[in-house]
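Student: just need the structure, nothing else, for what follows:
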Amino acid sequence: MEKVLITGIGSGPGRLLTERLRTRFEVLGVDRTPWEDHPAEVAVHVLDLRKKGFEDLLRTERPSHVVHMGFIRHFKGDPNRRHEINVRGTKQLLDHCHRYEVTNLVVMSSSYVYGAFPENPFYLDEDQPLSASRSYPEIRDLVEVDTMATGFLWRHPEIRTTVLRPVSVLGPNSRSMMAEYLRQERAPTVLGFDPMMQFLHEQDLTDAIAMTLEQDLAGVYNVVGAGQVPLHTAIEETGGVAWPIPEPLFRPGVRMLFGAGMAPWPPGAIDYLKYPVTLAGDALAQAIGFKALFGLEETFRSLRGRG
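Tutor: Alright, predicted model coming up:
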């Protein structure tokens, strides 16, 4: 069996991917925290990608495939540490993949890297510039990671590298920004705005990653689910109630609360509640035949464990 290494293996997405791949690959993984009840045949190592121990693991295990999803995506703690782990950790991983002859690499990016702006076209394709840092500086590390991985793709064509940019992922195991937002009983919205939004079931994302590995894909691809709905519809369908707030109150309030450590997201996130960031998914469908199996109704139900 070919060997695949998953970074962030103990996260919800990492565990789902492990379950999906372990009949086809020998799976091992690393995480910054332990996964106590992992399957017996899966080797899990508590390691920091920036440290020598991670390089030693790649040198001795020699995985043919690597899936990189071991990022800090929340805003708790030191922002410099988040940037260091995400950006420097990715740089180290890319160097090691080249040095130890990894043949397939998948890097998990996000639809957020495009940025939320009023001038966005309705469907953003993969050639759209990554402009999120303009209005949302706190996620500049994710933009840097995406840019770094895309550059690696062109510099090292001998390694089949794929950068995946999924829309907001929902499911019982998802801790994405939008999943946590929609889990609120009262979800604050920007008064006068109701952008169209896309969502992807966590199992569909797992399938997209697995198909990428199994079909030796290379390139940059958006990953989208079935259709799109206005934000207010998503809130209602996931069991919440929209709470419209005038932006002159909303933005400074979030800025103050985030600065005091009382809000989970910085004010730049508000733009994603104002402007659509809807992606074109044609390229991945044409490349590997990917099509989301879960409809929006099932995806919304899954968020609170209702299906």
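Student: you'd agree Met69 is up against Leu5?
Tutor: No. With contact defined as C-beta atoms under 8 Å, Met69 does not count as touching Leu5 (11.2 Å). Backbone N, C-alpha and C define where each C-beta goes, glycine included.
Student: how many residues are close by the closest residue to Leu28 other than its chain neighbours?
Tutor: In space, and not counting its chain neighbours, Leu28 is closest to Ala43: 4.2 Å by C-beta to C-beta, 6 or more residues apart in numbering. Using other C-beta atoms under 10 Å, the number of residues around Ala43 comes to 17.
Student: again, but for Glu298
Tutor: With other C-beta under 10 Å as criterion, Glu298 counts 19.
Student: in a strand, it, correct?
Tutor: No. Read with DSSP: H, G, I helix; E, B strand; the rest coil, Glu298 is helix and lies in no strand.
Student: check what pLDDT it gets.
Tutor: Glu298 carries a pLDDT score of 95 in this model.
Student: related to what we said a few turns ago, look at Met69 and Leu5 and report which has more neighbours.
Tutor: For Met69 versus Leu5, neighbours defined as other C-beta under 10 Å are more numerous around Leu5 (28 against 21).
Student: the more buried one sits in which helix or strand?
Tutor: strand 3-7 (DSSP states H and E).
Student: which strands or helices does that strand pack on?
Tutor: With contacts defined as 3 or more C-beta pairs under 8 Å, 6 or more residues apart in numbering; DSSP states H and E, strand 3-7 has these neighbours: helix 12-21, strand 26-31, helix 52-61, strand 65-68.
Student: for those, state which one has the densest average packing.
Tutor: Highest mean neighbour count among the helices and strands packed on strand 3-7 (mean count of other C-beta atoms under 10 Å): strand 65-68, with a mean of 26.
Student: adjacent strands (with direction) for that strand?
Tutor: According to DSSP bridges, strand 65-68 has the following sheet partners: strand 3-7 (parallel), strand 104-108 (parallel).
Student: make TSV out of the ones you listed and add distance to Leu57.
Tutor: Below are those laid out as TSV (distance: least, C-beta to C-beta, whole Å):
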stretch	distance to Leu57
strand 3-7	8
strand 104-108	15
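Student: any stretches of this protein with poor pLDDT?
Tutor: 305-307 (pLDDT under 70).
Student: one more pass at 80, please.
Tutor: 304-307 (pLDDT under 80).
Student: in it, which spans are helices?
Tutor: With helices called from DSSP state H, the chain shows them at 12-21, 52-61, 79-83, 89-99, 140-155, 177-182, 202-214, 231-237, 247-259, 282-288, 296-303.
Student: would a markdown table of those helices with distance to Arg134 be doable?
Tutor: As requested, those are exported to a markdown table (distance: least, C-beta to C-beta, whole Å):
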| stretch | distance to Arg134 |
| --- | --- |
| helix 12-21 | 28 |
| helix 52-61 | 33 |
| helix 79-83 | 17 |
| helix 89-99 | 22 |
| helix 140-155 | 10 |
| helix 177-182 | 18 |
| helix 202-214 | 27 |
| helix 231-237 | 21 |
| helix 247-259 | 16 |
| helix 282-288 | 25 |
| helix 296-303 | 30 |
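Student: so which of those helices is nearest Gly29?
Tutor: helix 12-21 (6.5 Å; C-beta to C-beta).
Student: that closest one: how far from the chain's middle?
Tutor: Centre-to-centre, helix 12-21 and its host chain are 14 Å apart (C-alpha atoms, centre = their mean, to the nearest Å).
Student: tell me the contacts of Arg73?
Tutor: By C-beta atoms under 8 Å, 6 or more residues apart in numbering, Arg73 lies in contact with Leu142, Arg175, Ser176, Met177.
Student: ok, and the most crowded of those residues?
Tutor: Taking other C-beta under 10 Å as the neighbour criterion, Leu142 ranks highest of these with 25 neighbours.
Student: identify the bridge partners of Leu28.
Tutor: Leu5, Ala43.
Student: again with Val106
Tutor: Val67, Thr162.
Student: correct me, but Leu5 touches Gly29?
Tutor: Yes. Counting by C-beta under 8 Å, Gly29 is a contact partner of Leu5 at 6.3 Å.
Student: touching stretch 253-262 from outside, list them.
Tutor: Contacts for stretch 253-262 (C-beta under 8 Å, 6+ apart): Phe75, Ile245, Ala263, Trp265, Pro266, Pro267, Ala269, Ile270.
Student: for these, which two are the farthest from each other?
Tutor: Among the contacts of stretch 253-262, Phe75 and Ile245 lie farthest apart (C-beta to C-beta), at 20.0 Å.
Student: on that earlier part again, Ala132: which of the helices of the chain is closest?
Tutor: Using C-beta to C-beta, the helices of the chain put helix 140-155 closest to Ala132, at 5.5 Å.
Student: and which of the contacts of stretch 253-262 is nearest to Ser111?
Tutor: Ala269 (13.2 Å).
Student: thanks a lot, see you next time.
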